[in-house]
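**Q** This is a predicted model, with the sequence first.
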Amino acid sequence: MQTLTIIQPDDMHLHLRDGEALKAVLPFTARQMGRAVIMPNLKPPVVSVADAMAYKARIMDALPPNSTFEPLMTLYLTDKSTPELVREAKAAGIVAFKLYPAGATTNSDSGVTDLFKLMPVLQEMAKQGVLFLVHGEVTDPEVDIFDREAVFIERVMKPVLQQVPDLKVVFEHITTADAARLVMEAGDNVAASVTPQHLLLNRNDLLVGGVRPHRYCLPVLKRESHRKALVEAVTGDNAHKFFLGTDSAPHARSLKENACGCAGMFSAATAIELYAEVFDKAGALDKLEAFASKNGARFYGLPENPRSITLIKQPCPVEAAIPFGDGEVLVPMRGGEQVAWTVQY
Ligand code: DOR
Ligand code: ZN
C-alpha cells in the first residue's frame, strides 16, 4: 500500500469561531496541523491586541490535553486601524492583519471601506514585517460575482503593491488563473494560500443538478479552466509561492440549507487528505510536502514543524454530519462520502 510521510503541515487560513463551535471544530485541526493562522472575523471581530490575546487564551483552553498545536493570531483591519496598532501587534506576536473589504463575506460589516486611506498602516506593516492577508474581491454591486477577484487585482492589488513594494502580502484563497499569474509575476514578498475546494471543485459542482449549499463559499467556485490553473500553480515551477490554507469555515447545517445560505465550507476534518488527492491526481505527490509544510512556514518566517505525519492511500469515510454545539450539526466537505487517503493518527 502506498504511504507518504511528510513534515507536519500548517493551515495558513482557518476559521475556528468561538464558544461551543470552537470546541467542536478545533480538535480536527489540532490532530493534523502543527499551527494555523486564525481568522479574526468573529462577531464582534478581533480588532485589538487585547481581543486577540483573549481569543488565543480561549483557543488554548479548548485544545485537547497534550496537544502541541499552536494558533497564530491575526487582527481584523478596519478603517480605524493605526500604525501604532501595527507596532503593538508586532510586539505581542500577532503575525498579520486581515483585509476584508466591507461586505465581501461572512462577518465583514466592519471591513475596510477604502484601503487607500490606510496606506500609513500598510507602510508600518511593511516596516515591522507584519503580514497583510487579503480577501481579494471587490464588493462593487456592479461587478459580477465571478469577476470580483479579477477586478480586485486591477483596482486594488496592483496599486497597493506599487505603493508599498515591500509589503508581505498573502493573496488568500485564490480562485482564478488571474490571481495565480499575479502571484507568480510579483516579487518574493507576495504569496497565496489555496483551499482544497478551489483545487477540487468548479462551479458546475456547485450548480449543476441542483444547488449544493455545502459547496457555497466565498470567493465562489469558478469555471474549470481556473481550477486547472490553480492545480498547475501549486504543482508547477513557481509552486514555492503557494501554500496550504483551507479557509475551513464552519456553519451550522440550518444556516447552510437555508433560503439565504451562509458562505463557507468545513474541510478541517480531512484537510490534508483532500490536498493529497489533488497532488496525487496531478502526478505531483512529491510536491505536497512543500505546499503543505514548507512554503507557508518559510513565508511567515517560521521553522518547519518538528513532527511528521503519515498518509496511506486507502479510502476513508467522511462523517455525514458533525456535532457543532447547541444542538446543531455541520456538514463537512465530502460529508457522507470518502476521501482517497487516510491519515495514520
Ligand atoms: O466562504 C467563506 N466563509 N469565505 C470567507 O471569506 C469567510 C468564511 C466564513 O467566515 O464563513
Ligand atoms: Zn476565510
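**A** Sure thing, it's come through. Numbering: from 1, shown residues only. Ligands and ions are numbered 1, 2, ... in the order given.
**Q** Only C-alpha atoms from now on, for both contacts and neighbour counts.
**A** Fine.
**Q** Please tell me how far the closest residue to residue 107 other than its chain neighbours sits from ligand 1.
**A** Using CA to CA, 6 or more residues apart in numbering and skipping the chain neighbours, the partner closest in space to residue 107 is residue 41 (5.7 Å). As for residue 41, its distance to ligand 1 is 6 Å (criterion: CA to the nearest ligand atom, to the nearest Å).
**Q** same deal with residue 7?
**A** According to CA to the nearest ligand atom, residue 7 stands 27 Å off from ligand 1.
**Q** so that residue makes contact with residue 293?
**A** Yes. Contact criterion CA atoms under 8 Å: residue 7 and residue 293 qualify, at 5.9 Å.
**Q** List the residues that are in contact with both of these two.
**A** Here residue 7 and residue 293 have 304-305 as joint contacts, going by CA atoms under 8 Å, 6 or more residues apart in numbering.
**Q** So which of those two has more stuff around it?
**A** In terms of neighbours (other CA atoms under 10 Å), residue 293 is the more surrounded of residue 7 and residue 293; the figures are 25 against 19.
**Q** What residues does the chain have near ligand 1?
**A** Proximity of the chain to ligand 1 (CA under 6 Å from any ligand atom) is limited to residues 105-106, 217-218, 249, 263-264.
**Q** Could I get the full set of strands for the stretch 51-200 of the chain?
**A** Using DSSP state E, counting those that start in this stretch, the strands of the stretch 51-200 of the chain run over 70-76, 96-99, 131-134, 169-171, 190-194.
**Q** Can you add mean neighbour count and mean pLDDT and give the ones you listed back as CSV?
**A** Conversion of these to CSV gives the following (neighbours: other CA atoms under 10 Å; pLDDT from 0 to 100):
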stretch, mean neighbour count, mean pLDDT
strand 70-76, 23, 98
strand 96-99, 25, 98
strand 131-134, 23, 98
strand 169-171, 25, 98
strand 190-194, 26, 99
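**Q** quick revisit: how about CSV for the residues of the chain next to ligand 1, with pLDDT added?
**A** Conversion of the residues of the chain next to ligand 1 to CSV gives the following (pLDDT from 0 to 100):
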residue, pLDDT
105, 78
106, 75
217, 98
218, 97
249, 98
263, 97
264, 98
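**Q** Which two among those are spaced furthest apart?
**A** Spatial extent of these (CA to CA) is set by the pair 105 and 249 at 11.4 Å.
**Q** Now do whichever residue of the stretch 101-250 of the chain sits closest to ligand 1: how many residues are near it, please.
**A** The shortest separation between the stretch 101-250 of the chain and ligand 1 is 3.4 Å, found at residue 217 (distances taken as CA to the nearest ligand atom). Neighbouring residues of residue 217 were enumerated by other CA under 10 Å; the total is 22.
**Q** circling back: just the element for the residue nearest to residue 107, please.
**A** When elements are defined using DSSP states H and E, residue 41 is found to belong to no helix and no strand.
**Q** For it, grab the count of nearby residues.
**A** Neighbours of residue 41 under the rule other CA under 10 Å: 24.
**Q** I'd like the numbering to begin with 45 instead of 1 from here.
**A** With the count now opening at 45, the last piece we talked about shows up as residue 85.
**Q** wait, it sits on residue 153?
**A** No. In this structure, residue 85 sits apart from residue 153 without contact. The criterion is CA under 8 Å, and the distance is 9.6 Å.
**Q** where does the stretch 245-389 of the chain dip in pLDDT?
**A** For the stretch 245-389 of the chain, applying pLDDT under 70 flags no range at all.
**Q** what ranges do the strands span in it?
**A** Under DSSP E, counting those that start in this stretch, the stretch 245-389 of the chain gives strands at 286-288, 352-356, 360-361, 366-367, 373-374, 382-383, 386-388.
**Q** Can you give the contact residues for the first one?
**A** Outside of strand 286-288, the residues within contact range by CA under 8 Å, 6+ apart are 54-57, 235-239, 277-278, 334-337, 339-340.
**Q** what's the answer for the fourth one, then?
**A** Applying CA under 8 Å, 6+ apart, the set of residues contacting strand 366-367 from outside is 68, 373-376.
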